[in-house]
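Novice: Quick one: sequence and predicted model below, then my questions.
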Protein chains: 2
Amino acid sequence: MVEKTRRQAIEDAASALFHAHGYSGTSVRDIARAVDIQGASLYAHVTSKQDVLWSIVERTAARFEAAADAIEAADPGAATFGRGVYLIALVRAHVGVVTDDIERASVFVHEWRALEGHRREEIARRRDAYEDRFRTVIADGVRAGAFHAVDPVATAAYVLTALNGLVSWYKPDGRLSARVIADTYADLSLRAAQAPRMPA
Amino acid sequence: MVEKTRRQAIEDAASALFHAHGYSGTSVRDIARAVDIQGASLYAHVTSKQDVLWSIVERTAARFEAAADAIEAADPGAATFGRGVYLIALVRAHVGVVTDDIERASVFVHEWRALEGHRREEIARRRDAYEDRFRTVIADGVRAGAFHAVDPVATAAYVLTALNGLVSWYKPDGRLSARVIADTYADLSLRAAQAPRMPA
DNA sequence: CCTACCGATCGGTAGG
DNA sequence: CCTACCGATCGGTAGG
């Protein structure tokens, strides 16, 4: 249990440092200093710097996936949800994961490219599959006439990068609460995709 | 002239490397290798690695500013432009600068934080002033009843981070041309901010 | 633009 | 979790 707490503290410290200075801008001694141990002592708890990054990125990827899965679980195949409601739910889920742990979300968004080999490839695949949820709901909405989006791929990229942009400005103690941001971002995203109710 | 070409080649190579691996993930020897000289020889052309970053970031900041200034110059005080037209022009200008030089735009968006001291502060100020152009046009549009945006600050952040997100997916030889992306992104941004023509 | 070199720091290991 | 240490690489300088 003590061991686990230490490991958790190391990942917390690494998340904050990777968020602030990037993976390659952070040394293992920076991380060690943040948890008050010697640089070399870090290796009693982790096998490598890459391993710490992987742990942060993988767990955060899983959180995004779980949040989106919960929507699908609530209404399989979107049997009763309209596409607008579905898109709103996806946006809210994403914003929630970001605001719940801004540092880890930031590392997931910006530092996954520092992953090496098959781990990097795995995350690239999972990110694409996740983005595809946005593409699909938008494309479905366009087909149903509820959405206007000319290009679902570009629209999904627009929306998702806007949501991810939160990691560069959200402050937990800022003027706008996580709740207000979720409301606002859901509204903006729906509005961007939606067809006008009464075309001019 | 030969000297100038070399310096330009160094900044081109540095832009590509900073874009791909980040500032701290790129060594001066990486840059030197890309222009086929020895690491130490780089210092015949630049005074420091920081200096190269500064040069790239400052010039790119100036390009974003000039593109936005050109809109204001075309219609001072937006005397004849509607706010929607003005926002669309800002979005198109921004997208144009990004797609015109994706690598430098990427360095500007992601690596300006690696700047040190007063240079970092200067860019932080200029970025804020630039973002303020978006906040202002949106706030003006809300006052005039043309826009719906509940919070102009959050809306400006949403739109601008979506535009900046282009640096992580735009490919000059991709399926979507710079022109199509500019059209699509202008449409999405206006739609996100706009009041419905006929409220339901 | 090169060779030769600087002190500092890098991620990580050995051995306790 | 520590001290002591490893080879490699870092940004940069000297002197031509």
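Specialist: Thanks, I have it.
Novice: any idea how far the closest residue to A:Ala105 other than its chain neighbours is from A:Arg63?
Specialist: Take A:Ala105 and drop its neighbours on the chain: the residue closest to it by C-beta to C-beta, 6 or more residues apart in numbering or on different chains is A:Val98, 4.3 Å away. For glycine as for every other residue, the C-beta is placed from the backbone atoms N, C-alpha and C. As judged by C-beta to C-beta, to the nearest Å, A:Val98 and A:Arg63 stand 10 Å apart.
Novice: So which of these two has more stuff around it?
Specialist: Comparing A:Val98 with A:Arg63 by neighbour count (other C-beta atoms under 10 Å in any protein chain shown), the higher total belongs to A:Val98, at 27 against 19.
Novice: How about the secondary structure of that one?
Specialist: Per DSSP: H, G, I helix; E, B strand; the rest coil, the local secondary structure of A:Val98 is helix.
Novice: Verify the contact between it and A:Gly165 for me.
Specialist: No - counting by C-beta atoms under 8 Å, A:Val98 sits too far from A:Gly165 to count as a contact (9.6 Å).
Novice: Pull out the buried residues from the helix or strand encompassing A:Ile88.
Specialist: Taking DSSP states H and E as the definition, one finds A:Ile88 inside helix A:83-100. Across helix A:83-100, burial judged by 16 or more other C-beta atoms under 10 Å in any protein chain shown covers A:83-84, A:86-99.
Novice: Next, count neighbours for A:Ala9.
Specialist: When neighbours are counted by other C-beta under 10 Å, A:Ala9 comes out with 16.
Novice: Equivalent analysis for A:Gly145, please.
Specialist: Residues near A:Gly145, counting by other C-beta under 10 Å, number 9.
Novice: what's the answer for A:Leu190, then?
Specialist: Residues contacting A:Leu190 under the criterion other C-beta under 10 Å number 21.
Novice: same deal with A:Ala62?
Specialist: When neighbours are defined as other C-beta under 10 Å, A:Ala62 has 12 of them.
Novice: For my notes, confirm it occurs in a helix.
Specialist: Yes - the assignment for A:Ala62 (three-state DSSP) places it in a helix.
Novice: which bits of chain A sit near DNA strand C?
Specialist: For chain A, the contact set with DNA strand C under C-beta under 7 Å from any atom of the strand comprises A:26-30, A:39-40, A:43-44, A:47-50.
Novice: if you set the cut-off to 10 Å instead, what comes out?
Specialist: A:23-33, A:38-44, A:46-53, A:116 (C-beta under 10 Å from any atom of the strand).
Novice: Give me the buried entries from those.
Specialist: For the residues of chain A next to DNA strand C, buried by 16+ other C-beta under 10 Å: A:23-26, A:28, A:30-32, A:42, A:46, A:49, A:52-53.
Novice: same for chain B: which of the residues you listed are within range?
Specialist: Contacts with chain B within these, counted by C-beta under 8 Å from any C-beta of the partner chain: A:23-25.
Novice: List just the nearest of these to A:Asp132.
Specialist: Nearest to A:Asp132 out of these is A:Tyr23 (C-beta to C-beta; 26.2 Å).
Novice: Was I right to think the closest one contacts A:Leu53?
Specialist: Yes - in this structure A:Tyr23 lies within contact range of A:Leu53 using C-beta under 8 Å: 5.7 Å.
Novice: Give me the below-cutoff pLDDT ranges for chain A.
Specialist: Scanning chain A with the threshold set as pLDDT under 70 gives A:1-4, A:77-80, A:197-200.
Novice: Which parts of it belong to which domain?
Specialist: Chain A is divided into the following domains under automatic domain parsing: A:1-46, A:50-193.
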